[in-house]
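Chemist: model this:
(chains A and B)
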Amino acid sequence: MLIGKPPDIPSSEITLRAEYDRYMNRRRFLRTAASTAVAALGVERLAEVVSPRIAAQAGTKLQTVKSPLTTTGEQLTSFEDITHYNNFYEFGVEKDQPAKNAGGLPTRPWTVRIEGKVKQPKTFDIDALLKLRPLEDRVYRHRCVEAWSMVIPWVGYSLSEFIRQCDPLPSAKYVQFLSYYDRHVEKWAGQSTISWPYSEGLRMDEAMNPLTLLTFGLYGEVLPNQDGAPVRIVVPWKYGFKSAKSIVALRFLDKQPPTTWNDQGPSEYGFYSNVNPNVDHPRWSQKTERRIGQPFYAQRRTTLMFNGYGDQVASLYNGMDLRRNF
Amino acid sequence: MKRSTLILLKVFTWLACLWPLGLLLLGAINNNLGADPTATITFATGLATLRLLTISLAITPLRRLSPRLGWLIKFRRLLGLFAFFYATLHLLTYVALYAGFDVNAMLADIARRRYITVGVAAWLLLLPLAATSTNWAIRKLGGKRWNRLHKLVYLAAVCGVIHYWWQVKPGVLTPMTMTLILAVLLAARPIQAWMQRRKARAA
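Modeler: A predicted model of the protein is given here:
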C-alpha cells in the first residue's frame, strides 16, 4: 500500500544527479591534479603557450542557474556518448571522427558577426556573449534525422535574448547561422561534396522562441570542440542538423536562406525539418528512434511530434501543411 | 603448393573471415558496441559482405595474371560463402532490429525504399549461388551451366555497392573506394579476355 506523498525528485534522477556530481568531481580532480603537476614542474609558462587561456578550454566549469524550460523525467545520455558520437562533417563523416579531429578548432579568440537586416552590423566577442545573460542548465531531447536520439544537459540562454541585442529590422524574417570553416583546420571537409561553410536557418519566430538555445556548454562545462565549441545553436524540436555548430555569423534576411542539408538533398531534408513521426524520411521511417547508450536489443522509442515540445512550438505552424513543409 | 601450406592458409582465411563476427560478439558480451550498437552491427555486417564479395571477385583476375597463382581458386568458394553469411546477418539485423519482425513493415519498406529494394535484391541474387556451392550441385548442373548461373555474382556485387551509395547521405563519398576497386575488378574480365584473344591470334 502506498501511503504518504511521493518524493519530489524521482529516484532515477537522484542516481543521475549523484553520477553527475561524481563525474564533475572527477573532472575537477583531474584538472587540479594536472595543474598541480604542471606547477610542481615549474612549467606553467609552457602550459600557457601550449594551451593559452585555460578559461576558454573545454571542460572548464561554467556558472549556471536553473531553468524552468529544462526537460525533466529523462535519463541523461552519458558525457562519453555525447562527445564521441557526433555528426560534424567538417571533421569527418564518421561518428567517431570529430572527437579525434576537432582538437585544432581555434575557439579563442572567437567573434560572432551580426549582418544583414540589422540597424547596425556588429561583432560580438565570445567572452562578451558568455556574460550577456545568466547561463542556464537546460536538458533537452536531441533527435537526429538518422533516427537516433539523446538527452543532453546543455548550458546557454535563449537565442531571443541575444537577438534583442542585435537590433534586427522589421524586414528581417529569417536568421541564417554560418559555421566556422577553414579547410586547413577542417581537413576532413572533402569527405563529402558539401559546399562549406555549413549554413542553417530559422524563421524569426522560431529563432525567437524561448526554447531555441544559444549554447556554450554541456554537463555544466564549456562545450567540447566536437560538440560545436565555442558557441552553437540548439533547436530541440527540430532534427539535429538544424542546430548549427561553431557559429561565426548570424545573418538577418528578408527571405529564406539556403541551408546545407536542404541543398544536398531537398527531398530528404526540408528547411523546417521539425521532428515529425508522421512524415517519413524517404529512406526510413521516423516513427521510432534508438536511444543512444541503450543495448541493441532495447525496445525502440516512439518518436514524439515536435520531439515532445509541441506545447511550446506547435502554434508556430498553425495552418501549415507539415507534410509539404517538412 | 604443399598440402601443409594450403591447410595453414585455409585456417588463416577462416580466422580472417570470422574476425568481424568475433569483434561483434566480443562487443556484445562486453556491452561495448559503441554509442549506437544497432548501427555498429548493421555497418559491420554490411561492410564485411562487400569486402568479402570484392575479394572473391579478385581471384579470377589474379589467377589470370600468372599460372603460378592457380591455387587461389581453392579459396573462392570459402570467401563467397562467408560473403553470403554476412549478407544474411546484415539482412537479419534489419529484420530484427529495424523492422522488429513486422512483415507488413518490411514489405512496405521493400516497395518504397529503393536502398532496401536493391539490398534485398542483392541478397536474393546470392541465395542461389550459396545453394549451388556444393560439389554435388556443380556436378548436377554441369560446369557450363553452373558457371553461367554464378555470373549472377557480378550483379549482386553491383547491387551491393548501389545499396551502399543509396544508404549514405547525398554527397557523402565513403563508398567511393569500394566502388573503384569493384569497377577495376569487373573491367579486368573483358580486358583480360581481349588480351588473351589477341595473344592467341598472334601465336
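
Chemist: which stretches of chain A have low pLDDT?
Modeler: Scanning chain A for pLDDT under 70 picks out the ranges A:1-56.

Chemist: Now do the strands in it.
Modeler: Across chain A, reading from the start of the chain, the strands by DSSP state E fall at A:64-65, A:111-116, A:122-125, A:135-143, A:148-158, A:174-179, A:199-203, A:213-218, A:221-222, A:232-234, A:247-253, A:288-291, A:301-302.

Chemist: just how off-centre is the second one within its chain?
Modeler: On the basis of C-alpha atoms, centre = their mean, to the nearest Å, strand A:111-116 sits 19 Å off its chain's mean C-alpha point.

Chemist: Is the one helix or strand B:Leu50 maps to positioned near chain A?
Modeler: Following DSSP states H and E, one finds B:Leu50 within helix B:37-65. Yes. Interface with chain A: helix B:37-65 contributes B:Pro37, B:Thr38, B:Ala39, B:Thr40, B:Ile41 (C-beta under 8 Å from any C-beta of the partner chain). The way it works is simple: take the backbone N, C-alpha and C, and place the C-beta from them, glycine included.

Chemist: Which residues of chain B lie near chain A?
Modeler: Taking C-beta under 8 Å from any C-beta as the contact definition, chain B meets chain A at B:28, B:31, B:33-41, B:97-98, B:100, B:105, B:109, B:113, B:115, B:166-167, B:169-174.

Chemist: Report the closest residue of the stretch 101-250 of chain A relative to chain B.
Modeler: Residue nearest to chain B within the stretch 101-250 of chain A: A:Thr193 (3.9 Å; C-beta to the nearest C-beta).

Chemist: Keep only those of the residues of chain B next to chain A that are in helices.
Modeler: Cross-referencing the residues of chain B next to chain A against helices under DSSP state H gives B:Ala28, B:Pro37, B:Thr38, B:Ala39, B:Thr40, B:Ile41, B:Ala105, B:Asp109, B:Tyr115, B:Trp166, B:Gln167.

Chemist: and the fourth one, what pLDDT?
Modeler: What that stands for is B:Ala39. Here, the pLDDT recorded for B:Ala39 equals 95.

Chemist: Tell me, how many residues neighbour B:Ile191?
Modeler: B:Ile191: 12 surrounding residues under other C-beta atoms under 10 Å in any protein chain shown.

Chemist: so which strand or helix has it?
Modeler: Under DSSP H and E, the secondary-structure element containing B:Ile191 is helix B:176-202.

Chemist: What residues of that helix count as buried?
Modeler: In terms of neighbour count (16 or more other C-beta atoms under 10 Å in any protein chain shown), helix B:176-202 has its buried residues at B:Met178, B:Thr179, B:Ile181, B:Leu182, B:Leu185, B:Ala188.

Chemist: The fourth one and B:Ile55 touch, don't they?
Modeler: No. The pair B:Leu182 and B:Ile55 does not pass the contact test of C-beta atoms under 8 Å, sitting 10.8 Å apart.

Chemist: and the stretch 201-326 of chain A, which residues reach chain B?
Modeler: Proximity of the stretch 201-326 of chain A to chain B (C-beta under 8 Å from any C-beta) is limited to residues A:261, A:264-265, A:268, A:282-285, A:290, A:292-297, A:300.

Chemist: so what's the closest residue to A:Gly228 other than its chain neighbours up against?
Modeler: Closest residue to A:Gly228 in three dimensions, ignoring its sequence neighbours and counting by C-beta to C-beta, 6 or more residues apart in numbering or on different chains: A:Lys245, at 2.8 Å. Contacts of A:Lys245 were listed using C-beta atoms under 8 Å, 6 or more residues apart in numbering or on different chains, and they are A:Phe88, A:Ser179, A:Tyr198, A:Asp227, A:Gly228, A:Arg232.

Chemist: In contact with the closest residue in space to A:Gln63 that isn't next to it in sequence, which residues?
Modeler: Of all residues beyond its chain neighbours, the one nearest A:Gln63 is A:Leu135 (6.4 Å), with distances taken as C-beta to C-beta, 6+ apart. Shown in contact with A:Leu135 (C-beta under 8 Å, 6+ apart): A:Leu62, A:Gln63, A:Thr64, A:Val65, A:Val155, A:Gly156, A:Tyr157, A:Phe216, A:Gly217.

Chemist: the helices in chain A, which residues?
Modeler: Shown for chain A, the helices assigned by DSSP H span residues A:11-40, A:44-50, A:79-84, A:97-101, A:126-132, A:159-166, A:204-208, A:260-264, A:310-313.

Chemist: sorry, back to before: give me the angle between the very next helix or strand once past the helix holding B:Leu50 and helix B:37-65.
Modeler: Sequence order places helix B:76-93 as the next helix or strand after helix B:37-65, per DSSP H and E. For the pair helix B:76-93 and helix B:37-65, the angle between their directions (axes from the mean of the first three to the mean of the last three C-alpha atoms, to 10 degrees) equals 160 degrees.

Chemist: which parts of helix B:76-93 are buried?
Modeler: The neighbour-count criterion (16+ other C-beta under 10 Å) identifies B:76-91, B:93 as the buried residues of helix B:76-93.

Chemist: Kindly report the same for stretch A:275-287.
Modeler: A:Val275, A:Asn276, A:Pro277, A:Val279, A:Asp280, A:His281, A:Arg283, A:Trp284, A:Ser285, A:Gln286.

Chemist: taking the residues of the stretch 201-326 of chain A next to chain B as a set, which two sit the farthest apart in space?
Modeler: The most widely separated members of these, counting by C-beta to C-beta, are A:Gln264 and A:Tyr297 (33.4 Å).

Chemist: Comparing those two, which shows the higher neighbour count?
Modeler: Just comparing A:Gln264 and A:Tyr297: by other C-beta under 10 Å the higher neighbour count belongs to A:Gln264, 18 against 10.

Chemist: ok, the more buried one touching A:Tyr198?
Modeler: No. Proximity of A:Gln264 to A:Tyr198 does not meet the contact threshold set by C-beta under 8 Å, at 10.8 Å.

Chemist: in stretch B:46-60, what's buried?
Modeler: Judged by neighbour count using 16+ other C-beta under 10 Å, the buried positions of stretch B:46-60 are B:46, B:48-59.

Chemist: Kindly apply the preceding question to stretch A:81-99 instead.
Modeler: For stretch A:81-99, the neighbour count (16+ other C-beta under 10 Å) marks A:81-95, A:97-99 as buried.

Chemist: likewise stretch B:118-138?
Modeler: If you call a residue buried by 16+ other C-beta under 10 Å, then stretch B:118-138 has these buried ones: B:118-123, B:125-126, B:129-130, B:132-133, B:138.

Chemist: related to what we said a few turns ago, do I have it right that the residue of the stretch 101-250 of chain A closest to chain B meets B:Thr174?
Modeler: No. Taking C-beta under 8 Å as the contact criterion, A:Thr193 and B:Thr174 are not neighbours in contact, 11.8 Å apart.

Chemist: any idea how chain A splits into domains?
Modeler: Using automatic domain parsing, the domains assigned to chain A come out as A:9-50, A:61-317.

Chemist: Comparing those domains, which comes out most buried?
Modeler: Here the criterion is mean neighbour count by mean count of other C-beta atoms under 10 Å in any protein chain shown, and of these the winner is domain A:61-317, at a mean of 19.

Chemist: How about the contacts made by A:Tyr309?
Modeler: Contact analysis of A:Tyr309 by C-beta under 8 Å, 6+ apart lists A:Leu211, A:Pro236, A:Trp237.

Chemist: Among those residues, find me the one that's closest to B:Phe12.
Modeler: For those, the residue nearest B:Phe12 by C-beta to C-beta is A:Pro236; the value is 51.3 Å.

Chemist: how near is the residue nearest to the closest one when sequence neighbours are not counted to A:Tyr219?
Modeler: If the residues on either side of it in the chain are set aside, A:Pro236 comes closest to A:Tyr140, at 3.9 Å by C-beta to C-beta, 6+ apart. Distance, A:Tyr140 to A:Tyr219, by C-beta to C-beta, to the nearest Å: 13 Å.

Chemist: In TSV, list the contacts of A:Tyr309 along with distance to A:Val151.
Modeler: Below are the contacts of A:Tyr309 laid out as TSV (distance: C-beta to C-beta, whole Å):
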residue	distance to A:Val151
A:Leu211	15
A:Pro236	10
A:Trp237	14
